[in-house]
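*Asks:* Sequence and predicted structure are below.
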Amino acid sequence: VLDTSALLALRNDETGADEVERILRAASRGAAEALVSFISFTEIFYIVWQQSDEHEAHRVHLQMKSLPIQRVESAENLGLAAGALKARFPLSLADSWIAATAIQSRAALVHKDPEFESLKDLLALQALPYKRPRL
């Protein structure tokens with residue numbers, strides 16, 4: 001499962017973008033599945049809009065739809081799993097959905113978000129290099 005942070009790393013050519021590209025190339029060959037939560041589409045849309053403008057947000061949304069990824073939509077059982085994670089761990093609501101998607105899919109979570117470290121006993125984490133905090 002590609003977290004929003006991994007997809008943004010690819011878009012912004014940040015450290016770790018090469019690993020996300022590798023995963024997407026494998027998915028395009030059928031050698032791997034690249035899953036993305038529906039909530040990541042929402043996050044990327046509003047982040048790009050805030051950083052740029054509405055037109056760019058729509059352009060990036062269409063670009064994401066063309067990637068070799070499988071979008072995982074909301075479902076009642078997934079929502080309950082996300083709610084349970086949100087209740088038990090210090091996660092944002094979006095990150096709870098993304099983590100629940102990875103857990104239910106029995107997939108590793110590819111991310112750049114240290115918030116997910118609290119889940120290391122529940123799912124496989126593939127951490128991309130974290131951004132250095134600004135001083």
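*Replies:* Cool, got the structure. Residues are numbered from 1 along each chain as shown.
*Asks:* Now residue 85. Nearest residue, chain neighbours left out?
*Replies:* residue 96 (4.4 Å; Cβ to Cβ, 6 or more residues apart in numbering). No exception for glycine: its C-beta is placed from N, CA and C like everyone else's.
*Asks:* Run through who's touching the helix or strand where the one you found lies.
*Replies:* Element membership for residue 96, per DSSP states H and E: helix 93-105. Here helix 93-105 makes contact (Cβ atoms under 8 Å, 6 or more residues apart in numbering) with 1, 3-4, 35, 37-40, 42-43, 72, 74, 77-79, 81-86, 89, 91, 107-109, 113, 115-116, 119, 122-124.
*Asks:* Restricted to helices, list these.
*Replies:* 4, 38-40, 42-43, 77-79, 81-86 (DSSP state H).
*Asks:* Hmm, residue 22 and residue 28 touching each other?
*Replies:* No - with contact defined as Cβ atoms under 8 Å, residue 28 does not reach residue 22; the gap is 10.9 Å.
*Asks:* Overlap in contacts, those two.
*Replies:* The contact sets of residue 28 and residue 22 do not overlap (Cβ under 8 Å, 6+ apart).
*Asks:* picking up where we left off before, please pick the buried ones from the ones in helices among the contacts of helix 93-105.
*Replies:* 4, 39-40, 43, 78, 81-82, 85-86 (16 or more other Cβ atoms under 10 Å).
*Asks:* mind checking how far residue 19 is from residue 35?
*Replies:* To residue 35, residue 19 is 16 Å away according to Cβ to Cβ, to the nearest Å.
*Asks:* When the two are compared, which one has more neighbours?
*Replies:* Using other Cβ atoms under 10 Å as the criterion, residue 19 and residue 35 rank with residue 35 on top: 20 against 16.
*Asks:* Go ahead and confirm the more buried one touches residue 69.
*Replies:* Yes - contact status for residue 35 versus residue 69: in contact at 6.9 Å, counting by Cβ under 8 Å.
*Asks:* Need the residues touching each of these two.
*Replies:* Any residue near both residue 35 and residue 69 by Cβ under 8 Å, 6+ apart counts here, and that gives residue 2.
*Asks:* low-scoring stretches of the chain, by residue?
*Replies:* Within the chain, the stretches with pLDDT under 70 are 132-135.
*Asks:* All good on my end, thank you.
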